[in-house]
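Trainee: how would this look folded up:
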Amino acid sequence: MNQPHILAFATQKGGAGKSTITTHFASALCYLYGYKVAVVDCDYPQNTLHSYRVDEQTRMQTEEPFRQRLLKQGLRPYPIYISSVEKASASIIALFEQDFDFILVDTPGTVNVVGLPELLRLVDYIFLPLEPDKGTIASTMGYMGLLPAFTQANNPDSNLLGYYAFWNKYVKAERKTIYDKTEELFQS
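Mentor: Presented below is the predicted three-dimensional model:
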């Protein structure tokens, strides 16, 4: 049994696209590349990923054309599990026995939650979606300021190999300088 790669999607700000990115990433790994994927939805209270799945299941039962399209694809959907952050580490470890290649974690939009340090030490990589507004940039930088303490380089009990901020939204109305200056900050 191989230990799966564990990837988390995190921000301190709601609406930056964590759940959407998690869904796209899980779908690409599962449906395009054929990996065995599980998703752990810790984004309480909205649990967006679980809500998406419930909507799909409802549509399967009520919309025959939708049902036929999905059945025609012949692909089994990846599972989505709801967990509190406090119990996420135990939930993820329990999934190791199911031989997943990847376990993706959608985290809540805050760092002030019980169990987050244990979760951060368990994941291999953290991805932080960014949008070009000063509030999001400042909160992402604050979040990233906490992460070095959880990396393997600074904590031998950790699995965290790295973390990456990336532009999730490009706003034409924003001046290019906000993008350039932010990227300079992240590189320093």
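Trainee: ok, G74 - how many residues close by?
Mentor: G74 has 6 neighbours, counted by other CB atoms under 10 Å. From N, CA and C alone the C-beta is placed, and that goes for glycine too.
Trainee: for it, give its distance to V37.
Mentor: Distance of G74 to V37, given as CB to CB, to the nearest Å: 17 Å.
Trainee: what's near enough to touch K13?
Mentor: K13 is in contact with G109, G135, T136, S139, T140, counting by CB atoms under 8 Å, 6 or more residues apart in numbering.
Trainee: of the residues you listed, buried ones?
Mentor: Buried subset of the contacts of K13 (neighbour count, 16 or more other CB atoms under 10 Å): G109, T136, S139, T140.
Trainee: which residue is the nearest non-sequential neighbour of the third one?
Mentor: What that stands for is S139. Q12 (4.1 Å; CB to CB, 6 or more residues apart in numbering).
Trainee: does that neighbour sit in a helix, a strand or a coil?
Mentor: Under the three-state scheme (DSSP: H, G, I helix; E, B strand; the rest coil), Q12 adopts coil.
Trainee: list just the nearest of the contacts of K13 to Q68.
Mentor: Closest approach to Q68 among those (CB to CB): G109, at 36.8 Å.
Trainee: report pLDDT for the residue of the chain positioned farthest from its centre.
Mentor: Distance from the C-alpha centroid of the chain, by CA atoms, centre = their mean, peaks at E64 (31.1 Å). For E64, the pLDDT comes out at 90.
Trainee: that one and L71, how far apart?
Mentor: Using CB to CB, we find E64 at a distance of 10 Å from L71.
Trainee: which residues of this structure score low on pLDDT?
Mentor: Along the chain, the model assigns pLDDT under 70 to residues 1, 170-176, 178-179, 185-186, 188.
Trainee: what about the helices in this structure?
Mentor: 18-27, 48-62, 64-73, 85-95, 116-122, 134-146, 176-187 (DSSP state H).
Trainee: between the ones you listed, which one is closest to A153.
Mentor: Of all the helices of the chain, it is helix 116-122 that lies closest to A153, at 12.7 Å by CB to CB.
Trainee: just the buried residues of the closest one, please?
Mentor: Neighbour count says helix 116-122 has L116, P117, L119, L120, R121, L122 buried, by 16+ other CB under 10 Å.
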